[in-house]
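# Sequence first, predicted coordinates after that:
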Amino acid sequence: QIQLVESGGGLVQTGGSLTLACAASERTKAAGWFRQAPGKEREIVAAINWNGVHTYYANSVKGRFAISRDNAKNTVSLRMTNLKVEDTAVYFCAARSVLLPDALDQTSAYDLWGQGTQVTVSS
């Protein structure tokens, strides 16, 4: 079973930046970042296909977040800028262990999940 470990969460002020990193024990196919705020359902934030050519962003983060991957290091990163209070959530790294034709925002197609890292944005 491929393991995913997130890092980089923390406390930041509104307008600040953070970079989350997800380290996989083996190379994965598509990968993405999801988040879950208290009392809300988990939602997809951004995703990237296996070779980094295609990406997906939720409307709420377009222009502020950037997802990237380094397949040589088996890592996927999420650069978050101009952070807002509403970005506060636990952020989860997710990945697919097999190549699937599903769209990048198809949550059910992700079979690997990290434990999550807290991101708190204060006003």
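Sure, I can see it.
# where does T107 fall, phi/psi-wise?
Phi and psi for T107, reported as degrees, to the nearest 10, are phi -60, psi -40.
# got a list of what it touches?
T107 is in contact with 34, 42, 44, counting by C-beta atoms under 8 Å, 6 or more residues apart in numbering. C-beta coordinates here come from the backbone N, C-alpha and C atoms, glycine included.
# Try it again at 7 Å.
I44 (C-beta atoms under 7 Å, 6 or more residues apart in numbering).
# I'd guessed T75 sits against L20; true?
No - if you go by C-beta atoms under 7 Å, T75 and L20 don't touch, sitting 10.5 Å apart.
# So those two - more neighbours on which side?
Just comparing T75 and L20: by other C-beta atoms under 10 Å the higher neighbour count belongs to L20, 25 against 17.
# How are the strands of the chain distributed by residue range?
Ranges of strands in the chain, per DSSP state E, are 4-7, 10-13, 18-24, 31-36, 43-48, 55-57, 65-70, 75-80, 89-95, 112-113, 117-122.
# Alpha carbons of stretch 55-65, in PDB - could you do that?
The C-alpha trace of stretch 55-65 is given here as PDB (Å, rounded to 0.1, in the frame of the first residue of the first chain):
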ATOM      1  CA  THR A  55      -4.500  20.300 -13.600                       C
ATOM      2  CA  TYR A  56      -7.800  21.100 -12.000                       C
ATOM      3  CA  TYR A  57      -8.700  23.800  -9.600                       C
ATOM      4  CA  ALA A  58     -11.800  24.500  -7.600                       C
ATOM      5  CA  ASN A  59     -13.300  27.900  -8.500                       C
ATOM      6  CA  SER A  60     -12.600  29.200  -5.000                       C
ATOM      7  CA  VAL A  61      -8.900  28.800  -5.300                       C
ATOM      8  CA  LYS A  62      -8.200  29.600  -9.000                       C
ATOM      9  CA  GLY A  63      -5.500  32.200  -9.400                       C
ATOM     10  CA  ARG A  64      -4.400  31.700  -5.800                       C
ATOM     11  CA  PHE A  65      -3.300  28.100  -5.500                       C
END
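# If the spatially most central residue of the chain is in a bridge, with which residues?
Geometric centre of the chain, nearest residue: W33, 1.8 Å, by C-alpha atoms, centre = their mean. Legend: beta-bridge partners of W33 under DSSP bridges are A46, C93.
# Right, I'll leave it there.
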